[in-house]
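# My questions are about this predicted structure, shown below with the sequence.
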Protein chains: 2
Amino acid sequence: MGNNQPMKIIATVPEMQRYSEALRNSGKKIAFVPTMGYFHDGHLNLMREARKQGDCVVISIYVNPTQFGPSEDLEKYPRNFERDSKLAEEVGVDVIFFPSNAEMYPDHYQTYVTVEEVTKNLCGLSRPVHFRGVATVCAKLFNMVKPHMAIFGKKDFQQLVTIKRMVSDLNMDLQIFGLPTTRETDGLAMSSRNVYLSPEERQSALCLSLSLKKAKESYDQGERDAGRILESITNYIKGIPFTRIDYIKICDTTTMQDVSSLEKESVLALAVFVGSTRLIDNYVFGEELNIE
Amino acid sequence: MGNNQPMKIIATVPEMQRYSEALRNSGKKIAFVPTMGYFHDGHLNLMREARKQGDCVVISIYVNPTQFGPSEDLEKYPRNFERDSKLAEEVGVDVIFFPSNAEMYPDHYQTYVTVEEVTKNLCGLSRPVHFRGVATVCAKLFNMVKPHMAIFGKKDFQQLVTIKRMVSDLNMDLQIFGLPTTRETDGLAMSSRNVYLSPEERQSALCLSLSLKKAKESYDQGERDAGRILESITNYIKGIPFTRIDYIKICDTTTMQDVSSLEKESVLALAVFVGSTRLIDNYVFGEELNIE
């Protein structure tokens, strides 16, 4: 595959399944990147990794309504299929799966996948149906695309933990990879939602990545008390204009439960409104952090 | 496949997945019959049909705890693996998948599949977690066995509707077939739970199949009012010793909602306790009924 054939766009489930089944039967490895489109370099890095690991790279572009709450930004979520498909082609994507809502959720649709424990905390608290929607659409996409591996970003850390848990619990025969967060040169985690930010808000938004840096520095100096790290970051963010904290927590990376001390592998996770835009970021203690 | 090789027994998920993936890649069609074991001729008929339709017949034997309520008969559910495997071999089964509870539901297990609408009525009312357990274990088994088709009995009609709905909603790439209920010569639907019945209860248990026969006769004579059919059957069963009605309903076969008249395709569904044994049976109006 790769650059020999023009990139293909598939819009229906039966065509996607036939295509993937034929690839599998011919011994080709399918690497899959599910997305909601409006690509930034974070998405493209996932596709580049898929290009390295798979014989065939399939991506999906689908803004999934079941993972948005009623008061969230489903309608205004940014979309630009033409630009996205050009970018995808440039990084060597073989197939874009681009289904309609009617194809994904036909009349009488009624089946949902719930991952019960790891979804309770963090974003699960402020976005109650979010992870049910994520798990459900991923289960559907995996059954459509039949990949050998799927690649996600670590920026959506709880999403990655949820999907790994679903894949393991439901015995889906594919590997899930999580890639480090891609950042702007000043440290802001790339996100399709960054386009919502005004120039002043864009400046304030740096408080998320700078909080991670502060937390890493404390950890590297030997701090193991979660409460002290959280207190320091909370006070810092409270002083930044345009911000409103949704949550700042430190959790066990397996159970996603709050921890009081950093003994097992733990993650600092933040969700902060900057203006009306909700941004998230996270840092797994002990790992590298690509912030200047 | 068929009778050339000895029947294989597989107990682990990775071995089952490797086996099935290799079969699929060699172009073989896998026909799958999931069971809870303790075979009667109803099970064997499903396997005989799988033998006709598939190149390789895989069955599973697993008494799934997540589909039993806390006060139900999980512990005493009858089991006899040696007898079952002999019977399976005789009808030409290629593989028995026979996993342990630890293999199916390891520590920290937390993912469930729910089919929301068609599970609400009938058995969903009296067995609230039942269909969540059924859908979840079938999703898992389908991911393990990777069949091209799976074959179920129509005796568990709501189960069949639920599984078809899940497969369609989650885009699982396999076909689901429902086979007519296999009956004893006097009409009683075969069930592993029939062994619980005393000789007197066994006689009373005939009221289920005889109710279906009555309903078919009314329908064939032009009756289309659901209430009148239900009333006549309810009165009849109330007069039978050892019985206690759980439900008697007539439902649309697509939505499983109660109907008042038999215009769209409808099913009469009964659940009746005979002594302490809960038996079910059903009749889809307009179909054949193999009761003398």
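Cool, got the structure.
# So what touches the helix or strand that contains A:Leu279?
Using DSSP states H and E, A:Leu279 maps to strand A:277-284. Under the criterion CB atoms under 8 Å, 6 or more residues apart in numbering or on different chains, residues A:123, A:154-157, A:181, A:189, A:191, A:193-194, A:196-197, A:201, A:205, A:208-209, A:211-212, A:215-216, A:246, A:253, A:265-273, A:289 lie in contact with strand A:277-284. Where C-beta positions appear, they are placed from N, C-alpha and C, glycine not excepted.
# ditto for stretch A:12-24
Counting by CB under 8 Å, 6+ apart, A:8, A:10, A:30, A:55-56, A:58, A:95, A:97, A:99, A:103, A:143-148, B:24-25, B:171, B:173 sit against stretch A:12-24.
# Show only the entries of those found in helices.
Per DSSP state H, helices hold the following members of these: A:103, A:143-145, B:24-25.
# Which residues are in contact with A:Ile248?
A:Ile248 neighbours (CB under 8 Å, 6+ apart): A:211, A:230, A:233-234, A:237, A:268-272.
# Show me what the helix or strand A:Leu212 falls within is packed against.
In the assignment (DSSP H and E), A:Leu212 maps to helix A:206-220. Contacts defined by 3 or more CB pairs under 8 Å, 6 or more residues apart in numbering or on different chains; DSSP states H and E place helix A:206-220 against helix A:226-238, strand A:266-274, strand A:277-284.
# That helix vs strand A:277-284, what angle?
20 degrees (axes from the mean of the first three to the mean of the last three CA atoms, to 10 degrees).
# Compute the inter-axis angle for helix A:206-220 and helix A:226-238.
150 degrees.
# now the most centrally placed residue in chain A, nearest residue through space, not along the chain?
Centroid-nearest residue in chain A, with CA atoms, centre = their mean: A:Asp156, separated by 3.8 Å. Leaving aside its sequence neighbours, A:Asp156 sits nearest to A:Ile280 (CB to CB, 6 or more residues apart in numbering or on different chains; 7.2 Å).
# Specify the beta-bridge partners of that neighbour.
Bridge pairing for A:Ile280 (DSSP bridges) gives the partners A:Ala271.
# At the contact with chain B, which residues of the stretch 151-292 of chain A appear?
Counting by CB under 8 Å from any CB of the partner chain, the stretch 151-292 of chain A comes close to chain B at A:165-166, A:169-173, A:254-255.
# outside of the lowest-mean-pLDDT helix or strand in chain A, which residues touch it?
The least trusted helix or strand in chain A, going by mean pLDDT, DSSP states H and E, turns out to be helix A:123-126, with a mean of 92. Applying CB under 8 Å, 6+ apart, the contact partners of helix A:123-126 are A:130-131, A:158-159, A:246-247, A:271, A:280.
# average pLDDT across the helix holding A:Leu212?
In this model, helix A:206-220 has a mean pLDDT of 98.
# try stretch A:261-274
97.
# cool, and stretch A:86-106?
98.
# Okay, buried residues for that stretch please.
A:87-88, A:91-99, A:103-105 (16 or more other CB atoms under 10 Å in any protein chain shown).
# Grab the two from those that are most spread out in space.
A:Gly92 and A:Tyr105 (30.6 Å; CB to CB).
# about what we covered before: tally of neighbours for the residue nearest to A:Asp156?
21 (other CB atoms under 10 Å in any protein chain shown).
# Run the chain-centre distance for stretch A:98-114.
The chain centroid and the centroid of stretch A:98-114 are separated by 20 Å under CA atoms, centre = their mean, to the nearest Å.
# quick one: contacts of it?
With CB under 8 Å, 6+ apart as the criterion, stretch A:98-114 contacts A:9-13, A:16, A:60-62, A:64-66, A:81, A:131-132, A:135-137, A:139-140, A:144, A:166, A:170, B:111-118, B:135, B:165-166, B:169-170, B:254-255.
# before we move on, the earlier item: can I have the buried ones of the contacts of helix A:123-126 as a ChimeraX selection?
Filtering those down to the buried ones (16+ other CB under 10 Å) takes a single ChimeraX command:
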select /A:130,131,158,159,246,271,280
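# Quick check: ChimeraX command selecting the buried ones in the residues of the stretch 151-292 of chain A next to chain B.
The buried subset of these, as determined by 16+ other CB under 10 Å, is captured in ChimeraX by this line:
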select /A:165,166,169,170,171,172,173,255
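# Could you report the separation of the residue nearest to A:Asp156 from A:Ser60?
22 Å (CB to CB, to the nearest Å).
# sorry, back to before: now for the residues of the stretch 151-292 of chain A next to chain B, which pair is the farthest apart?
A:Asp173 and A:Thr255, at 24.8 Å, using CB to CB across those.
# Now do the contacts for A:Glu117.
By CB under 8 Å, 6+ apart, the contact set of A:Glu117 is A:255-256, B:108, B:110.
# still on that earlier bit, only the buried residues of the helix holding A:Leu212, if you could.
In helix A:206-220, counting by 16+ other CB under 10 Å, buried: A:206-212, A:214-216, A:218-219.
# now stretch A:192-204
A:192-194, A:196-197, A:201-204.
# Can you show me the CA trace of it as CSV?
What follows is stretch A:192-204, C-alpha atoms only, in CSV (Å, rounded to 0.1, in the frame of the first residue of the first chain):
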residue,chain,number,x,y,z
SER,A,192,-9.2,21.1,17.6
ARG,A,193,-10.9,23.3,20.3
ASN,A,194,-7.9,25.7,20.4
VAL,A,195,-9.4,27.6,17.5
TYR,A,196,-12.2,28.8,19.9
LEU,A,197,-9.6,30.8,21.9
SER,A,198,-9.3,34.6,21.6
PRO,A,199,-5.6,35.9,21.6
GLU,A,200,-5.9,36.8,25.4
GLU,A,201,-7.4,33.4,26.2
ARG,A,202,-4.7,31.7,24.1
GLN,A,203,-2.2,33.3,26.5
SER,A,204,-4.1,32.2,29.6
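# Distance from the chain centre to that stretch, please.
19 Å.
# For it, give me every contacting residue.
A:36-38, A:40, A:73, A:77-78, A:188, A:205, A:240-243, A:274-279.
# List only those of these flagged as buried.
Buried positions within the contacts of stretch A:192-204, assessed by neighbour count (16+ other CB under 10 Å), are A:36-38, A:40, A:77, A:188, A:205, A:240, A:242-243, A:274-275, A:277-279.
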